[in-house]
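Novice: my questions are about this predicted structure, shown below with the sequence.
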Amino acid sequence: MSDTCDVAVVGAGPFGLSIAAHLRGRKVNYRILGKPMESWQSKMPTGMLLKSAGFASNLSDPEGAFTLKRFCGDRGLKYQDVDHPIPVEQFVEYGLDFQQRVVPDLECEEVTSVDLHPNGFELRTSGGDLFRAGRVVLAMGLNYFRHIPEVLAALPKGMVSHAADHHDLEKFRGQRVAVIGSGASAIDTAVLLHEAQASVHLISRKPDLVFSGLWGGSGRHSILKPMLLPISGIGPGWMHRFYADLPWLFRYFPEAYRMRTGEGFPSPSAGLPMKDRSIGLPKLLGHSLEAARAGDTGVQLRLRASAGSARTVDVDHVIAGTGYKADVLRLPFLSPALVQRLRLVGKAPWLSPNFETSVPGLYFAGPVTATMFGPVMRFVFGADFTAHRISSHLAHQTSTEAASRMWYGVALAKGAK
């Protein structure tokens, strides 16, 4: 068993890397484990564009120095704070460069178990390493929380998948594919499939698709727009600004409100560039999926229109662009004993103002914290607040413990004389 560390950070996406960068800056004894930007590299379709603005897509370091703007400037890449779509491939390159510069001690191993230990926690990695940590920060993103509607769950695995299962959509060229959903994931996937020469149907129970507008507004509204719809890290609007700037306040709202808003705000929409690209995309809007039946030649979907009429659609494959639902019971690496001690809000963890769970020393970060700190945690923009808050708290905790150990040692030495 290797030496104990004060803090173990599990996950190396924007939140995990940002937290590690701040812990490193505060000289906390930590380890970070995970594959850098893994979900962004392998779970997002090639050609996808970020919906977030450039200024809101930064990973966080203590000096706020290594921003996306700086990265693009160093590489000669086009950048604007707002209203310039960022390709996911460019964002991944930025995240990897951030890791190499700011968090060079990342260990590219998966954590396979986290269990309670008398002195904190015991962790095991995919490489067989077993070590102890006084505290653990779980920043594992969304991969474990994929949501596939029940009506599709009984289909054979080869006939149904989640949008996050596909990095390269070219494999569907010439196939009949139905995409279920109305948010950015569903719309982006359907558009990219259509452009890859697949025969696509985008199916949504909503009567219309929503596309976000220009964050900076048009020239006609250059004066009024900032007053009516101020820019925030999660989009333009006063409510957006409130949730983006005051995540610490959100956790004091009523639980039912937090659960509803944390998961449902802003309402599903796609980025503006997809509006023109979706022209010509076959859509079945205002249709609910009632049943799905696998057959010898594919899947038959039974749909019900809002007006009451029914129809069927035959496809080779169904992709659920239906987002994610936080559920800590779906985290396979957490021991049952640890999970049983977690206080939950719905199926997400209850958290203190410092992101600590009801299990002392265990912290969560990232989208799973949206029911406690608001919808900003579903965006990269939330990483800065999270990293500052957690690292400050942990630095204080570990320094206090170190001081206590030192004074205890001094007292023992004096007593021995």
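Specialist: Everything's here; your move. Numbers count the residues shown, from 1 in each chain.
Novice: from here on, contacts and neighbour counts on C-alpha atoms
Specialist: Fine.
Novice: show me what stretch 308-319 is in contact with.
Specialist: Contacts made with stretch 308-319 from outside it, assessed by Cα atoms under 8 Å, 6 or more residues apart in numbering, are listed as 158-163, 175-180, 297-304.
Novice: ChimeraX command to pick out the buried ones of the residues you listed?
Specialist: Buried subset of the contacts of stretch 308-319, written as a ChimeraX selection, criterion 16 or more other Cα atoms under 10 Å:
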select :159,160,161,162,163,176,177,178,179,180,298,299,300,301,302,303,304
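Novice: show me the contacts of stretch 308-319 that map onto strands.
Specialist: Members of those lying in strands (criterion: DSSP state E): 160-162, 176-180, 298-304.
Novice: for those, which one is nearest residue 21?
Specialist: residue 162 (31.7 Å; Cα to Cα).
Novice: count the residues that sit near residue 381.
Specialist: Using other Cα atoms under 10 Å, the number of residues around residue 381 comes to 25.
Novice: residue contacts, the closest residue to it other than its chain neighbours?
Specialist: Using Cα to Cα, 6 or more residues apart in numbering and skipping the chain neighbours, the partner closest in space to residue 381 is residue 56 (5.1 Å). Shown in contact with residue 56 (Cα under 8 Å, 6+ apart): 81, 233-234, 380-381.
Novice: what lies in contact with stretch 134-151?
Specialist: Contact with stretch 134-151 is made by 4-13, 15-16, 39, 119-121, 161-162, 164, 289-292, 320, 322-327, 330-331, 361-368, as judged by Cα under 8 Å, 6+ apart.
Novice: ok, stretch 22-39 next?
Specialist: 5-14, 16, 20, 60-62, 92, 95-96, 99, 103, 105-111, 141, 143, 387-388, 391, 394-395, 398.
Novice: of the residues you listed, select the buried ones using a ChimeraX command.
Specialist: A single ChimeraX command selects the buried members of the contacts of stretch 22-39 (16+ other Cα under 10 Å):
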select :5,6,7,8,9,10,11,12,13,14,16,20,60,61,62,92,95,96,99,103,106,108,109,110,111,141,387,388,391,394,395,398
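Novice: which ones among the contacts of stretch 22-39 are found in helices?
Specialist: Using DSSP state H, the members of the contacts of stretch 22-39 that fall within helices are 14, 16, 20, 92, 95-96, 99, 387-388, 391, 394-395, 398.
Novice: farthest-apart pair in the residues you listed, please.
Specialist: 92 and 398 (32.3 Å).
Novice: count the residues that sit near residue 81.
Specialist: Neighbours of residue 81 using other Cα under 10 Å come to 16.
Novice: tell me who's in contact with residue 178.
Specialist: 200-203, 315, 317-319 are the contacts of residue 178 under Cα under 8 Å, 6+ apart.
Novice: do the same with residue 206
Specialist: With Cα under 8 Å, 6+ apart, residue 206 has these contacts: 182, 285-287.
Novice: again, only this time at 10 Å
Specialist: 181-182, 284-288, 306 (Cα atoms under 10 Å, 6 or more residues apart in numbering).
Novice: after the helix or strand harbouring residue 190, which helix or strand is next?
Specialist: Using DSSP states H and E, residue 190 maps to helix 184-195. Using DSSP H and E, the next helix or strand after helix 184-195 towards the C-terminus is strand 199-204.
Novice: neighbouring contacts of that following strand?
Specialist: Taking Cα under 10 Å, 6+ apart as the rule, strand 199-204 contacts 172-183, 186-187, 189-194, 281-289, 303, 305, 313, 315-321.
Novice: no more questions from me, cheers.
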